[in-house]
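A.B. asks: no sequence for this one, just the structure:
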């Protein structure tokens, strides 16, 4: 039994909970004090290098989430996961964990190849994917700042494919998509905070993705949001070291394997 049972359907939670979680989690990062001693880039760099104002970023994220919510509602209707019978056959915890792992692998695979192709295809990069790279210095609220077409192909379709391949129910999907959103926001937060559980358990993390947003790493570290397996297998992996800056914070120094 989950806390929302009897109040809202699993399908509604699966549609809107990830959106709420996005703004809550990104909002926490936004409301934190400057924390200059943990930043991967200085505030001056963020102001000078980023090519789009935050107001535009927020509008872009809201548009993507509107598209995602629409597709999610259609997906749940088509799969018929709201049937009364299915409500009482929720898989065991172990089965759900396996389904979530399968969904993670499926999402990583889809996003790696689509993301890499958007860099290799000059038209797609110039007219679509470059919008995300206007944030040269990433921050949490901008995690889903993409061109609408990229948001549809990379994130929305990637989520739908992960849901279908894993065979998870709408209830399990609530936990998976909320986790995926939190991880994505964290990867773009621009902070290397001590004790961050994502930095401990995932090599694909804030510093790993920060490299990709920099000029010298644009052709590397395509993997997102969970593992770095495809980068390692296909020669697009770039490792890094964290070096303390004299003025505070860290510098991510890439080093080709």
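C.D. replies: Ah, there it is. All figures in this text were calculated on a predicted structure; none of them were measured in a lab.

A.B. asks: average pLDDT across stretch 134-150?
C.D. replies: Across stretch 134-150, pLDDT averages out at 96.

A.B. asks: For the remainder of this discussion, apply numbering that starts at 348.
C.D. replies: Renumbered: residue one is now 348, and that last one reads stretch 481-497.

A.B. asks: Which parts of it count as buried, going by neighbours?
C.D. replies: Buried residues in stretch 481-497, counted by 16 or more other CB atoms under 10 Å: 482-494, 497. C-beta here means a position set from N, CA and C on the backbone, and glycine is covered the same way.

A.B. asks: lowest average confidence, helix or strand, in this structure?
C.D. replies: helix 431-434 (a mean of 48; mean pLDDT, DSSP states H and E).

A.B. asks: Sort out for me which of the buried residues of stretch 481-497 are in helices.
C.D. replies: The members of the buried residues of stretch 481-497 that map onto helices under DSSP state H are residue 497.

A.B. asks: Could you single out the nearest of the buried residues of stretch 481-497 to residue 603?
C.D. replies: Of all the buried residues of stretch 481-497, residue 603 sits closest to residue 483, with 20.4 Å by CB to CB.

A.B. asks: So the closest one is in contact with residue 559, correct?
C.D. replies: No: using CB atoms under 8 Å, residue 483 is not in contact with residue 559; the gap is 10.9 Å.

A.B. asks: Which neighbouring elements make contact with the helix ranked longest in the chain?
C.D. replies: Longest helix in the chain, counting residues (DSSP H): helix 440-467. Packing partners of helix 440-467 (3 or more CB pairs under 8 Å, 6 or more residues apart in numbering; DSSP states H and E): helix 469-474, helix 504-513, helix 517-534, helix 576-580.

A.B. asks: Go through those helices and name the closest to residue 427.
C.D. replies: Per CB to CB, nearest to residue 427 of those: helix 517-534, 10.1 Å.

A.B. asks: Let me know the average pLDDT across that closest one.
C.D. replies: 97.

A.B. asks: got the buried residues of stretch 481-497 as a markdown table, with distance to residue 360 columns?
C.D. replies: Converted to a markdown table, these look like this (distance: CB to CB, whole Å):
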| residue | distance to residue 360 |
| --- | --- |
| 482 | 29 |
| 483 | 35 |
| 484 | 34 |
| 485 | 28 |
| 486 | 27 |
| 487 | 23 |
| 488 | 23 |
| 489 | 25 |
| 490 | 21 |
| 491 | 19 |
| 492 | 25 |
| 493 | 24 |
| 494 | 28 |
| 497 | 26 |
